[in-house]
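*Asks:* 3D, please:
(chains A and B)
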Amino acid sequence: MMPRTPGADLPEHPDWLWHSPDPKPSYDVVIVGGGGHGLATAYYLAVNHGITNVAVLERGWLAGGNMARNTTIIRSNYLWDESAGLYEHALKLWEGLEEELDYPLLFSQRGVLNLAHSLQEVRDGVRRVNANRLNGVDAEWLDPHQVAEICPILNTSDELRYPVLGATWQPRAGIAKHDHVAWAFARALDRMGVDLIQGCEVTGFDRVGDRITGVRTSRGDIAAGKVALAAAGHTSVLADELGLRLPIQSHPLQALVSELLEPVHPTVVMSNSVHVYVSQAHKGELVLGAGIDAHNSYGQRGAFHTIEREMTAAVELFPMFARAHVLRTWGGVVDVTPDASAIMGLTPFEGLYVNCGWGTGGFKSTPGVGWCYAHTIACDEAHPLNAPFSLERFTTGALVDEHGAAGVAH
Amino acid sequence: MMLIPCPWCGPRNETEFHYGGQADVAYPSDPQSISDEDWAHFLFFRDNPKGIFTERWSHAAGCRRWFPVRRDTVTNEIHPDDSARAARTVTR
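*Replies:* Numbering: from 1, shown residues only, chains lettered A, B, ... in the order given. The predicted structure follows:
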């Protein structure tokens, strides 16, 4: 009998969903950042505006930054009209995305509960439900008994230090498989002739006066008609190359997953007060996150006491989680703005566009960002949905204060 | 978890501290006369370097004093000599 090579009886590795080309000397549009936002932007540049001479540059590997590190929650129950417009547009795109990209995204509209633990949170929650409804966003206010019906494993007894006094409920909210989302966009882009270039770090910009004409990269200079930043936590580092100051601070945001468990958790639960958010992935892991670490960091890791607080909250709300084992923890670098809303639009430099400041909310916005950012790049003006999120709002004072609905302590 | 050198109490666990962001941000000397842009920059814009950052921490669970720290935002390495020297400028 022949010696058996381990793995020899496994099926062939499937074809890659996308190629890994070398950069060409020039493109109509260069997108800096190959995460969800960069990929979605390239997709809608091609589909909505017919622009396919595009390169997406990624310093690491495709969708290996925050896209690979988030907790995959999708919802649109923000307070203000501006946010409702953007996030609800994204949610509507999510609802058709699997079919459009012809790829399983495991998009599961299992709903999200945002818990209230104080009278003020009850009032804020009811206000947000009413604001959501006025904006055509599905929302309900639930009392503790109704919360328990939706999520029976949640401790809704009044014995808790911070008992659950009610919750907002968005039934259309849910989760999707983040890797699949990136792969689906990448496959579609590859078929349309967009270059997805990995291992290509942008180190600077070429400019003529205040016009950006290209990027300098670890793989040589690339000329570009337009350059669009989609680099999340590292946007400040890139903007510093141009002396462009942005009102963002980069912080670690940690998440963790448990071992695989039987299906126990039917929805998504978020709590701002005791501060944890948790859902159960399709495979069975409990996926948990909480707030950012307080200090600035690019280290993609945070302190253990932040995880400890998060798990304390999780175990109090879900006593049955106490015996679950943590499988792994990790951190991403999120860029946080003073009003907990994103920055998307033009810059003082001609041909340079910025999309950043999504803080902890980037994943849910992925298709909506792509749609609006592509419009901004193609038309040289903001789409009506992202016009309120311009850089100028910090000077005019027209802030979009979403600290309450962002769900995470920024 | 960081060990943060309080200039008065010595090195203590990060959990004893409160973070205050960038150090040495001066209030505008003549706030009535500056432009909206400058005012926005004072209120909302801070440095966000990948590398050495001079920031403020308050020893909230100890002496409750504010002091500056020079920390590398990638490695979390703290440069205690610089911090201690700068701390002496804080009013006691």
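*Asks:* how about the residues of chain B near chain A?
*Replies:* Proximity of chain B to chain A, by Cβ under 8 Å from any Cβ of the partner chain, involves residues B:1-2, B:14-15, B:18-19, B:21, B:36-37, B:40-41, B:43-46, B:48-50, B:53, B:55, B:71, B:73-76. All C-beta spots, glycine's among them, are computed from the backbone N, C-alpha and C.
*Asks:* Which ones among those residues map onto helices?
*Replies:* Using DSSP state H, B:36-37, B:40-41, B:43-44 are the members of these that sit in helices.
*Asks:* Show me which of those are buried.
*Replies:* B:40-41, B:44 (16 or more other Cβ atoms under 10 Å in any protein chain shown).
*Asks:* Distance to A:E58 added to the residues you listed, as a markdown table?
*Replies:* Shown next, in a markdown table, are those (distance: Cβ to Cβ, whole Å):
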| residue | distance to A:E58 |
| --- | --- |
| B:A40 | 32 |
| B:H41 | 31 |
| B:F44 | 29 |
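*Asks:* Listing request: residues of chain A with sub-threshold pLDDT.
*Replies:* A:1-4, A:6-8, A:11-14, A:407-410 (pLDDT under 70).
*Asks:* What parts of it come near chain B?
*Replies:* A:234, A:236-237, A:240, A:245-250, A:294-299, A:303-305, A:335, A:338, A:394-396.
*Asks:* which among the residues of chain B next to chain A end up buried?
*Replies:* Applying 16+ other Cβ under 10 Å to those flags B:2, B:14-15, B:19, B:40-41, B:44-46, B:48-50, B:53, B:55, B:71, B:73, B:76 as buried.
*Asks:* State the helix or strand in which A:A255 lies.
*Replies:* strand A:249-260 (DSSP states H and E).
*Asks:* again, but for A:L327
*Replies:* Take DSSP H and E as the rule and A:L327 turns out to sit in strand A:326-336.
*Asks:* now swap in A:D28 and tell me
*Replies:* Element membership for A:D28 (DSSP H and E) is strand A:26-32.
*Asks:* Mind listing the strands that strand pairs with, and their directions?
*Replies:* strand A:54-57 (parallel), strand A:220-229 (parallel) (DSSP bridges).
*Asks:* For those, state which one has the densest average packing.
*Replies:* When the strands paired with strand A:26-32 are scored by mean count of other Cβ atoms under 10 Å in any protein chain shown, the highest mean neighbour count falls to strand A:54-57 (a mean of 28).
*Asks:* circling back to that earlier point, tell me the one of the ones in helices among the residues of chain B next to chain A nearest A:I150?
*Replies:* For these, the closest approach to A:I150 (Cβ to Cβ) belongs to B:F44, at 39.1 Å.
*Asks:* Just to check, that closest one is in contact with A:I248?
*Replies:* No: shown here, B:F44 and A:I248 do not form a contact pair, counting by Cβ atoms under 8 Å, at 9.5 Å.
*Asks:* got the contact list for the residue nearest to A:V326 when sequence neighbours are not counted?
*Replies:* Nearest in space to A:V326, with sequence neighbours left out and distances taken as Cβ to Cβ, 6 or more residues apart in numbering or on different chains, is A:L256 at 5.5 Å. Shown in contact with A:L256 (Cβ atoms under 8 Å, 6 or more residues apart in numbering or on different chains): A:287-289, A:307, A:310-311, A:326-330.
*Asks:* Return the members of those classed as buried.
*Replies:* By 16+ other Cβ under 10 Å, the contacts of A:L256 give A:287-289, A:307, A:310-311, A:329 as buried.
*Asks:* Check the secondary structure at the nearest residue to A:N48 once chain neighbours are set aside for me.
*Replies:* The shortest distance from A:N48 to any non-neighbouring residue, by Cβ to Cβ, 6+ apart, is to A:A374 (5.9 Å). Put simply, A:A374 is helix when judged by DSSP: H, G, I helix; E, B strand; the rest coil.
*Asks:* Surely A:A374 and A:L45 touch.
*Replies:* Yes: under the criterion of Cβ under 8 Å, A:A374 makes contact with A:L45 at 4.3 Å.
*Asks:* anything in contact with each of those two?
*Replies:* Common neighbours of A:A374 and A:L45, using Cβ under 8 Å, 6+ apart, are A:I51.
*Asks:* Now tabulate the ones in helices among the residues of chain B next to chain A in TSV and tack on pLDDT.
*Replies:* Converted to TSV, these look like this (pLDDT from 0 to 100):
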residue	pLDDT
B:D36	95
B:E37	95
B:A40	96
B:H41	95
B:L43	96
B:F44	97
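*Asks:* A:R75: which of those is nearest?
*Replies:* For those, the nearest to A:R75 is B:F44 (26.6 Å; Cβ to Cβ).
*Asks:* How about the closest one, nearest residue that isn't a chain neighbour?
*Replies:* A:P247 (4.2 Å).
*Asks:* Assumed the one you found was part of a helix.
*Replies:* No: when classified by three-state DSSP, A:P247 is found to be coil rather than part of a helix.
*Asks:* Look through the stretch 51-200 of chain A and state the residue closest to chain B.
*Replies:* A:R59 (12.5 Å; Cβ to the nearest Cβ).
*Asks:* Tell me who's in contact with that residue.
*Replies:* A:199-202, A:218.
*Asks:* what two of these have the greatest distance between them?
*Replies:* Taking Cβ to Cβ as the measure, the contacts of A:R59 span a maximum distance of 12.0 Å, between A:G199 and A:V202.
*Asks:* More neighbours: which of these two?
*Replies:* Between A:G199 and A:V202, counted using other Cβ atoms under 10 Å in any protein chain shown, the more crowded position is A:V202 (24 against 14).
*Asks:* and the residue nearest to the spatial centre of chain B, how far is that from B:R70?
*Replies:* Closest to where the C-alpha atoms of chain B average out (Cα atoms, centre = their mean) is B:R56, at 1.6 Å. B:R56 sits 11 Å away from B:R70 when distances are taken as Cβ to Cβ, to the nearest Å.
*Asks:* cool, and A:L189?
*Replies:* 43 Å.
*Asks:* which of the two has more neighbours?
*Replies:* A:L189 (26 against 18).
*Asks:* My guess is the more buried one contacts A:A42. True?
*Replies:* Yes: applying Cβ under 8 Å as the test, A:L189 and A:A42 come out as touching, 5.4 Å apart.
*Asks:* Give me the neighbour count for A:P348.
*Replies:* When counting by other Cβ under 10 Å, one arrives at 10 neighbours for A:P348.
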